[in-house]
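**Student:** Below are the sequence and a predicted model; questions follow.
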Amino acid sequence: MIRDAERWPGADGKTARPRGRLRADLIYLGWRQILAEPDPGPPPAAPAQPELDEVSLDWVAAQRREHRRLARPARLTGAAAGAMAVATGVAWLAGLLTGALALPMTVVAAGIAGNCARQLRRGERTLAAGLRAEELRVAGFREVQQREHAARMAEHARERREWQQRAAAFQRQPHWYPVTLPVTTHRVDVAGGTLAGWSALLTMMAAPRLAAGGDVTVVDLTEGGVAADLLAVARRAGIDPLVWVLPADLPRLDLGASLRPDLLADVLARTVSAASAAGSSPTASDGGAGHADAANDAALLSRILNALGDSSAPPTMAQLAAALRALGQIGRPADHLHSAELTPEQLASLGNLAGRGAEQLVVQRAWALEARLRVLEPLATDPAGVPASRLKVAWLDRRAAAVANSVLGTYLAVALTAVLRQAPPGIRWQQTLCLLGAERLSADVLDRLCDAAEIAGAGLVLAYRSIPAHVRERLGRGDAAVGFMRLGNAEDARVAAEQIGTEHRFVVSQLTDTVGLSMTDTAGVSYTSSIGTSDSVSESAAVSLTASRSRGRGRSKHGTFAPFADFTGSASSDASSSAAISDSSSITEGISTGTAWGRSTSRAAGASDSLAVGAQRSRESLVEPYELQQLPASALLLCYPAPGGRQVVLADANPAIMTLPTATLASPPDR
């Protein structure tokens, strides 16, 4: 099944049509930057304006000085001859000289003065001719320089046009390709990361699954409200999600309530055992709960449930808690006799459970079990009126008691495992289960959950904030893909580097770095429950959801938390009928408008385009602990099995990258 990704909203509020299609047979984990066309770099620089040659004024001055030096004898001689001619003439007129003497002397002096004047005029013409010749020679050089500059300008214009063509091709080409896994991958393990990074990754993975017509169930044990952005995306897409904020919404949670008494007893016994082993140490007051035998507890709980049950209605958790208080002699006897949960016949049946000599043992175990299970007392007391939905989210309220949250988190995982074990195999990843904060669960709970999800065909995503010993042994077990996000702890970073292999290199793009640093942490969101608010669905979304429920896979009419129990082989017909759901344009439209990443991405892209040096757009790093501690918040270092061996790819889990004009849903060119 392939769905069109019609429109994705951009950072400016407008919609952009991406290239490619969302595929239901792929798991979308993030984006990878691949450049088929090389970066053209900065535009070619224009040639500098040449400094044209001119006649040197110093050379002209030197020529004139040389001319004056050479003409000085003729000038002095001419001046002396002229003065003598004037003097003889004046003496002749004054009668000092006779005419016979004065006339020859005047003629000779005048002839010498005229000859000197001719020499001076010839020198001036020679100097002027030399200056004109120099000007013509320099003018020739200047013309050559101008022709060469014009040729360089023409070459620059050609290079500029070629650069513009390369830049346009570079801008038009897809830069961002999806990082995907086939649905044959049974599980995805995520280690490390921040709440903001997990919010981005959860939205990136869950939104395409919802767009493909699948169901997504999120169990958030981090107490940080990681799924808040995913809920906003789903509401904008016309999907009314079901949200349980525990323990406040336990009355509306029906998980495990429909199990057979023996299965429910097993679930509760393993919940008590796992919660005790994960978060508590045995004390005298709890009867050694930390070392309790789950089989003994399951047998005791099964007998209690059988004693409480009848043909008309199965026992509730409130009745079970009251029975444990009665067996453990917790409170006054009158309180048990006048209990609203237990009838006198049920109290009489409970009194016959323990034989002679076993009373003390039953009292101790009842105390320990009641101490752990009392938080589940409101479970499924008011499940009516809850609509069905393809997105279900259960998270723990950080304001609740720590012990209560530990029991609730363990119960959610164990009960989901029991429901998965009862479900027949279905279409791979048609049901997606995301468990956040899985490091808080024990190793046995994680193993059983992984096995049950693999057999049932449900996609499983396990996210760990840290890498303790029992998590380290299970990362990537089987054919699971492992993703590492920012690991602040040095020891966790060292373990991750050893598992990946320090010989790998990865490239962090400028966009990934900028977006990761500018993402908004969602840990401070307020907790609100959306159950019972189905009347807020718009008309178009309501029609689509009604059609989807009428052709569903036999879900409970009250919108059960885990749809796996009724997930049968006929799910293929429901998958094809999911076309009745609103087209994926609504899903994709909410991915960027519903998060702060779309606005951050747009600003980061503009800053990236302004860089002039291509090397500044990214940084290449080796897989080593320091680099894993410096990863951006939205970066995911993915290690997954491939035909040629395990591959290592750095992905950006920011879903708003789809709004970029250079993003595409097509397969990357290296595949």
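**Tutor:** Happy to help now that I have it.
**Student:** Quick check: what element follows the longest helix belonging to the chain along the chain?
**Tutor:** Assignment by DSSP state H gives helix 99-172 as the longest helix of the chain. Next along the chain after helix 99-172, taking DSSP states H and E as the criterion, comes strand 176-182.
**Student:** Quick one: distance of the helix or strand just after that following strand to the chain centre.
**Tutor:** Counting by DSSP H and E, the next helix or strand C-terminal to strand 176-182 is strand 187-191. Taking Cα atoms, centre = their mean, to the nearest Å, the mean C-alpha location of strand 187-191 is offset from the chain mean by 16 Å.
**Student:** between whatever helix or strand comes next after strand 187-191 and strand 176-182, how many degrees?
**Tutor:** Next helix or strand after strand 187-191 toward the C-terminus (DSSP H and E): helix 195-211. Following axes from the mean of the first three to the mean of the last three Cα atoms, to 10 degrees, one obtains 70 degrees for the angle between helix 195-211 and strand 176-182.
**Student:** Show residues contacting the helix or strand just after helix 195-211.
**Tutor:** Later in the chain than helix 195-211, the nearest helix or strand by DSSP H and E is strand 215-220. By Cβ atoms under 8 Å, 6 or more residues apart in numbering, the list of residues contacting strand 215-220 from outside reads 202, 206, 209-210, 226-227, 230, 390-396, 409, 412-413, 416, 430-437, 561-563. Using the backbone N, CA and C atoms, a C-beta is placed for each residue, glycine as well.
**Student:** The longest helix of the chain: how far from the chain's middle?
**Tutor:** With Cα atoms, centre = their mean, you get 69 Å for helix 99-172.
**Student:** lowest-pLDDT helix or strand in this protein?
**Tutor:** helix 539-550 (a mean of 32; mean pLDDT, DSSP states H and E).
**Student:** Need the buried ones from the contacts of strand 215-220 selected in ChimeraX.
**Tutor:** Listed next is the ChimeraX selection for buried residues among the contacts of strand 215-220, using 16 or more other Cβ atoms under 10 Å:
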select :202,206,209,210,226,227,230,390,391,392,393,394,395,396,409,412,413,416,430,431,432,433,434,435,436,437,561,562,563
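**Student:** In helices, which of the contacts of strand 215-220 appear?
**Tutor:** Secondary structure from DSSP H places L202, A206, R209, L210, L230, G409, L412, A413, L416 of those in helices.
**Student:** Please produce a markdown table containing the residues you listed, extended by pLDDT and distance to A402.
**Tutor:** Listed next are those as a markdown table, based on pLDDT from 0 to 100; distance: Cβ to Cβ, whole Å:
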| residue | pLDDT | distance to A402 |
| --- | --- | --- |
| L202 | 95 | 24 |
| A206 | 94 | 28 |
| R209 | 93 | 32 |
| L210 | 93 | 33 |
| L230 | 93 | 26 |
| G409 | 94 | 11 |
| L412 | 96 | 16 |
| A413 | 96 | 17 |
| L416 | 95 | 22 |
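**Student:** Name the nearest of those relative to L631.
**Tutor:** L202 (17.4 Å; Cβ to Cβ).
**Student:** Relative to L347, how far out is that closest one?
**Tutor:** Going from L202 to L347 by Cβ to Cβ, to the nearest Å gives 47 Å.
**Student:** hang on, the earlier thing: pick out the most distant pair among the ones in helices among the contacts of strand 215-220.
**Tutor:** So, these by Cβ to Cβ: farthest apart are L210 and G409, at 24.3 Å.
**Student:** Find the helix or strand that the closest residue to G111 other than its chain neighbours is a member of.
**Tutor:** Distances taken as Cβ to Cβ, 6 or more residues apart in numbering put A81 closest to G111, at 7.8 Å, once the chain neighbours are dropped. Assessed by DSSP H and E, A81 sits inside helix 57-94.
**Student:** Only C-alpha atoms, please: export stretch 61-77 in PDB.
**Tutor:** Extracted C-alpha coordinates of stretch 61-77, given in PDB (Å, rounded to 0.1, in the frame of the first residue of the first chain):
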ATOM      1  CA  ALA A  61      60.400  66.300 -16.700                       C
ATOM      2  CA  ALA A  62      63.700  64.400 -17.100                       C
ATOM      3  CA  GLN A  63      63.600  64.900 -20.900                       C
ATOM      4  CA  ARG A  64      62.900  68.600 -20.500                       C
ATOM      5  CA  ARG A  65      65.800  68.900 -18.000                       C
ATOM      6  CA  GLU A  66      68.100  67.100 -20.400                       C
ATOM      7  CA  HIS A  67      67.000  69.400 -23.300                       C
ATOM      8  CA  ARG A  68      67.700  72.500 -21.200                       C
ATOM      9  CA  ARG A  69      71.100  71.200 -20.300                       C
ATOM     10  CA  LEU A  70      72.000  70.500 -23.900                       C
ATOM     11  CA  ALA A  71      70.600  73.800 -25.100                       C
ATOM     12  CA  ARG A  72      72.400  75.900 -22.500                       C
ATOM     13  CA  PRO A  73      75.600  76.600 -24.600                       C
ATOM     14  CA  ALA A  74      73.600  77.700 -27.600                       C
ATOM     15  CA  ARG A  75      71.300  79.800 -25.400                       C
ATOM     16  CA  LEU A  76      74.300  81.500 -23.700                       C
ATOM     17  CA  THR A  77      76.100  82.000 -27.000                       C
END
